[in-house]
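# predicted structure and sequence below. I'll ask about it afterward.
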Amino acid sequence: MDGLQSYPSHEVLTVGTDVTRFTTATGNTCEKAHAFQADLANTGTIYIGYTTSVSSSSYAYALLAGDSVRIAVDDLSKIYFIASAASQLLARSKE
């Protein structure tokens with residue numbers, strides 16, 4: 001994992017060119033959905049998928065700077081991220 005920062009209402013993951021994921025909520029079945037938002041200052045695309053083979057050509061969602069998506073999943077460790085550039089920030093809110 002590139003990096004994880006905690007904030008009062010959300011967490012921010014630094015996504016780079018290697019596959020990563022959030023790990024703090026692994027197995028937490030109380031959370032049924034997660035909202036993700038790419039930082040406005042990002043210069044690359046963040047790709048989101050459900051396997052470690054997520055890539056720019058194989059993904060479920062692609063987020064440009066400022067884009068957001070809500071994903072219904074009971075285990076956050078089932079979602080993987082990769083970016084087209086280093087040090088892209090992705091915020092996550094619990095729902």
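On my side now, so go ahead. Numbering: from 1, shown residues only.
# quick check: which ranges of this structure have low pLDDT?
Counting by pLDDT under 70, the chain has low-confidence residues at 1-9, 24-31, 95.
# for A33, see how far away T45 is.
Distance from T45 to A33, counting by CB to CB, to the nearest Å: 22 Å. For the C-beta atoms, the positions are set from N, CA and C on the backbone; glycine is no exception.
# now L63
In terms of CB to CB, L63 sits 16 Å off from A33.
# higher neighbour count, those two?
Higher neighbour count among L63 and A33: L63, with 24 against 12, using other CB atoms under 10 Å.
# who's the nearest residue in space to the more buried one that is not next to it in sequence bridged to?
Leaving aside its chain neighbours, L63 sits nearest to A38 (4.0 Å; criterion: CB to CB, 6 or more residues apart in numbering). Under DSSP bridges, the beta-bridge partners of A38 are L90.
# count of neighbours near A38?
Counted with other CB under 10 Å, the neighbours of A38 add up to 24.
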